[in-house]
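Undergrad: One predicted model, sequence on top.
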Amino acid sequence: MSSNDQAPINQDEVRRILDQHKDKTKTALRVCAHCSLCADSCFLYHVHDKDPRYMPSHKFINSLGKLYKKKGKIDRAGFKEIEEIVWRRCVLCTRCYCPLGIDIPEMIAIARDICRSQEVFFQWSELEQPAE
Amino acid sequence: MVKAKRKPLEEIKQAIQDYTRVLNIGCGGCVSVCLAGGQKEVNLLNAKLNLVLKNDNRATRVDGFTVERQCNEAFLADLDARVARYDGLMSMACGAGVQLLAERYPDKPVFPAVNTIAIGIDRQIGVYEERCRACGECVLGYTGGICPITRCAKGLFNGPCGGTNDGNCEISKDIPCAWQDIYNRLKAQNRLDDIKKIKPAMQWQNQTRRLVVQDEYASRYKDK
Ligand code: SF4
Ligand code: SF4
Ligand code: SF4
Ligand code: SF4
């Protein structure tokens, strides 16, 4: 674990990054018609038996969308959930397709950026290894 | 994925010590997976560097920032404003990432902090084995899924050579002969015919820079 990953969330910094991408985020949240067409283009959605938690729209709405709606007021536990979504449920392969033109990987990348600013990121060194 | 290993601290220090403000840029892709250059490794390296630079009475200070993928410009946009504040850049991505940074910021010196080693597989946490040298002409289909470019000391396409020795390579009794392994696996699959044909010499393509354009997308770039 990194040194200051238990420090209180720096909400000013979170808001600063949110503001930087405010227009795009707002537009994306507004235009998403919840049509779920993006789901079909995500291989992870298929790999996980069409589990709705793997739908690209669901992932972006519950990560960057949540940060935006709560104006960054999310505690470490909340960040942990977002980490799970943006690293474990998306590999940023950039293959998903939204007919309304939302760049979902870009939204997820912004959410990752915000997580990283708070020293929240996927710990590859703690990945479980398959049994020998 | 691409496997890399961090350069020795002293080598990195020597490279950057004449700059005042250095930004160490990590990559969230392959080098995070192989624990060489993700955000965690950026933090660790910076802490060490800042300490030795301070002990050496150098003015250099190193900050960190990790992008999701250094080999794709879509993930570099947020870097632009940040980079302007530094006089030197360091990259913990593979050589591809380092070069894209150098291309995007041509007026900034860029120093690699890792050595790019291989395309490989994950064995254990922190243990990775080379599996492919990206020769551009994959032969695994007739070698039983064992790469002779990576595994055979001579990179032979028609083996084994006369040096094969009780299952080991002539260069060391501790290194298995790739072609013996290929033979064994194909024999078990009843496919020895696959290696009886003589393979023509490889048209080595790696002397010039390769470009990958997927056929389905080629029409988009025809005029370029
Ligand atoms: S970028 Fe993420 S959400 Fe989009 S297709 Fe890839 S894994 Fe799925
Ligand atoms: S820059 Fe190199 S290490 Fe980073 S994702 Fe691309 S290929 Fe992998
Ligand atoms: S033959 Fe070996 S080096 Fe060439 S592409 Fe296949 S695995 Fe890679
Ligand atoms: S002994 Fe086997 S592995 Fe070694 S060079 Fe000859 S064919 Fe290649």
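TA: Arrived safely. Computed from a predicted model, the values in this text were never measured in an experiment. Ligands and ions are numbered 1, 2, ... in the order given.
Undergrad: Just the element for residue A:77, please.
TA: Secondary structure from DSSP states H and E places residue A:77 in helix A:76-83.
Undergrad: buried ones in that helix?
TA: Of all the residues in helix A:76-83, those buried under the rule 16 or more other Cβ atoms under 10 Å in any protein chain shown are A:79, A:82, A:83. In short, each C-beta sits where N, CA and C put it, glycine included.
Undergrad: Check stretch B:85-95 too.
TA: B:86, B:88, B:89, B:90, B:91, B:92, B:93, B:94.
Undergrad: circling back to that earlier point, tell me the one among the buried residues of helix A:76-83 nearest to ligand 3.
TA: Closest approach to ligand 3 among the buried residues of helix A:76-83 (Cβ to the nearest ligand atom): residue A:83, at 34.0 Å.
Undergrad: Leaving out sequence neighbours, find the closest residue to the closest one.
TA: Of all residues beyond its chain neighbours, the one nearest residue A:83 is residue A:120 (5.1 Å), with distances taken as Cβ to Cβ, 6 or more residues apart in numbering or on different chains.
Undergrad: tally of neighbours for the one you found?
TA: Burial measure for residue A:120: 21 neighbouring residues, criterion other Cβ atoms under 10 Å in any protein chain shown.
Undergrad: so is it in a helix, a strand, or just coil?
TA: coil (DSSP: H, G, I helix; E, B strand; the rest coil).
Undergrad: From residue B:70, how far off is it?
TA: Using Cβ to Cβ, to the nearest Å, one gets 20 Å for the distance from residue A:120 to residue B:70.
Undergrad: same check, this time on residue A:29
TA: For residue A:29 relative to residue B:70 (Cβ to Cβ), the value is 29 Å.
Undergrad: Show me which of those two is the more surrounded one.
TA: Set residue A:29 next to residue B:70 and count neighbours by other Cβ under 10 Å: residue B:70 wins out with 29 against 16.
Undergrad: So that one sits against residue B:30, correct?
TA: No - with contact defined as Cβ atoms under 8 Å, residue B:70 does not reach residue B:30; the gap is 9.8 Å.
Undergrad: Can you check which residues contact both of these two?
TA: Jointly contacting residue B:70 and residue B:30 under the rule Cβ atoms under 8 Å, 6 or more residues apart in numbering or on different chains are residue B:94.
Undergrad: Give me every residue in chain A lying close to chain B.
TA: A:2-3, A:20, A:92, A:94, A:106, A:109, A:112-113, A:116, A:119, A:121-125, A:127, A:129 (Cβ under 8 Å from any Cβ of the partner chain).
Undergrad: so of those, which ones are in strands?
TA: Among those, no member falls in strands (criterion: DSSP state E).
Undergrad: List, out of these, those positioned next to ligand 1.
TA: Contacts with ligand 1 within the residues of chain A next to chain B, counted by Cβ under 6 Å from any ligand atom: A:92, A:94.
Undergrad: Domain-wise, how is chain B divided?
TA: B:2-119, B:135-204 (automatic domain parsing).
Undergrad: touching ligand 2 at all, the first one?
TA: So that's domain B:2-119. Yes - on the criterion Cβ under 6 Å from any ligand atom, domain B:2-119 is in touch with ligand 2 at B:2, B:27, B:29, B:30, B:31, B:69, B:70, B:71, B:93, B:94, B:96, B:97.
Undergrad: For chain B, which segments count as strands?
TA: B:2-6, B:21-27, B:61-67, B:88-91, B:110-112, B:114-124, B:127-132, B:168-169, B:172-176.
Undergrad: Show me what counts as buried in the worst-scoring helix or strand of chain A on mean pLDDT.
TA: Taking mean pLDDT, DSSP states H and E as the measure, the helix or strand of chain A with the lowest value is helix A:43-47, at a mean of 94. Going by neighbour count (16+ other Cβ under 10 Å), the buried part of helix A:43-47 is A:44, A:45.
Undergrad: packing partners for it?
TA: Judged by 3 or more Cβ pairs under 8 Å, 6 or more residues apart in numbering or on different chains; DSSP states H and E, helix A:43-47 is in contact with no other helix or strand.
Undergrad: Out of the residues of chain A next to chain B, which end up buried?
TA: Applying 16+ other Cβ under 10 Å to the residues of chain A next to chain B flags A:92, A:94, A:106, A:109, A:112, A:113, A:116, A:119, A:121, A:122, A:123, A:124 as buried.
Undergrad: By pLDDT, give me the weakest of the residues you listed.
TA: Among those, residue A:124 carries the weakest pLDDT, at 88.
Undergrad: Now do the contacts for it.
TA: Going by Cβ under 8 Å, 6+ apart, the list of residues near residue A:124 reads B:32, B:33, B:34, B:35, B:38, B:40.
Undergrad: any idea which of these has the most stuff around it?
TA: In terms of neighbours by other Cβ under 10 Å, the contacts of residue A:124 top out with residue B:32 at 28 neighbours.
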